[in-house]
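**Student:** Predicted model follows, preceded by the sequence.
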Amino acid sequence: MPLTLFFSSVSGSLELKKNQDRIFFVLESKKIPFEAVDISQNPEDKDLMRKRAGNPKALPPQLCNGDIYCGDITAFENAIEMEQLEEFLKL
């Protein structure tokens, strides 16, 4: 199943932008294929992200592998620190 990164191209939050850029950088540098889904372009994508995250107020960035929710930026950073990124991404 494809890895999906839910992100937003429209945000007033510098922290959100930095978090998204961090995930893009790590995935691209490790040559991990993923699909980037911009939730600001389609409200259905935002609803799907929140449904998979199990949180009606979840904000991007969020990662999923197919229909399986992986986590948010905090869980992503923890996985990197613990050298468990592949397990976190369910690859």
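**Tutor:** Yep, it's here.
**Student:** Quick check: Ile32 is in a helix.
**Tutor:** No: assessed with DSSP: H, G, I helix; E, B strand; the rest coil, Ile32 is coil; it does not lie in a helix.
**Student:** Point out the other helices and strands that the lengthiest helix in the chain packs with.
**Tutor:** Criterion DSSP state H: the longest helix present in the chain is helix 14-29. The contact analysis (3 or more C-beta pairs under 8 Å, 6 or more residues apart in numbering; DSSP states H and E) places helix 14-29 against strand 3-7, helix 73-81. The C-beta positions use only the backbone N, C-alpha and C, and glycine is treated the same way.
**Student:** next structured bit after it?
**Tutor:** strand 35-38 (DSSP states H and E).
**Student:** before we move on, back to that, tell me the buried residues in the longest helix of the chain?
**Tutor:** Judged by neighbour count (16 or more other C-beta atoms under 10 Å), helix 14-29 contains these buried residues: Leu16, Asn19, Gln20, Ile23, Leu27.
**Student:** That helix vs strand 3-7, what angle?
**Tutor:** Orientation check (axes from the mean of the first three to the mean of the last three C-alpha atoms, to 10 degrees): helix 14-29 against strand 3-7 gives 160 degrees.
**Student:** list the contacts for the residue lying closest to Ala58 once chain neighbours are set aside?
**Tutor:** Spatial nearest neighbour of Ala58, excluding adjacent residues (C-beta to C-beta, 6 or more residues apart in numbering): Arg50 at 4.8 Å. Shown in contact with Arg50 (C-beta atoms under 8 Å, 6 or more residues apart in numbering): Pro56, Lys57, Ala58.
**Student:** Let me see the confidence value for Arg50.
**Tutor:** Among the per-residue scores, Arg50 holds a pLDDT of 97.
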